[in-house]
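Enquirer: coords below, sequence missing:
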Ligand SMILES: [Zn+2]
């Protein structure tokens with residue numbers, strides 16, 4: 001299990017990126033989503049806060065779709 005966070009600030013394309021604890025791209029303004037075994041349920045949780053959420057390209061590439 002790992003702790004996941006969503007960036008409170010959107011990327012230029014509108015995505016709110018989901019990061020796992022320890023990612024070098026972790027934003028300072030973030031919301032804790034919970035502990036998950038993979039990024040998929042973390043992104044689902046993030047969509048409760050921001051409908052346009054996406055996995056971080058670096059720490060969660062399998063959930064990065066745009
Ligand atoms: Zn990341």
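Expert: Cool, got the structure. Model, not experiment: these values are computed from the prediction.
Enquirer: residues from the chain in reach of the ion?
Expert: Applying C-beta under 5 Å from the ion, one finds that the chain approaches the ion through 19, 23, 25, 56, 58-59. (Glycine included, C-beta is placed from N, CA and C.)
Enquirer: which residues in the protein form helices?
Expert: With helices called from DSSP state H, the chain shows them at 39-49.
Enquirer: follow-up on the earlier one: farthest pair within the residues of the chain next to the ion?
Expert: Based on C-beta to C-beta, the longest span within the residues of the chain next to the ion runs between 19 and 58 and measures 8.4 Å.
Enquirer: and residue 27, what is it in contact with?
Expert: For residue 27, the contacting residues are 5, 7-9, 17, 19, by C-beta atoms under 8 Å, 6 or more residues apart in numbering.
Enquirer: ok, and what's touching stretch 6-15?
Expert: By C-beta under 8 Å, 6+ apart, stretch 6-15 touches 16-19, 27, 29-31, 33, 46, 49-50, 52-54, 66.
Enquirer: Show the model's pLDDT score for residue 12.
Expert: With respect to pLDDT, residue 12 scores 96.
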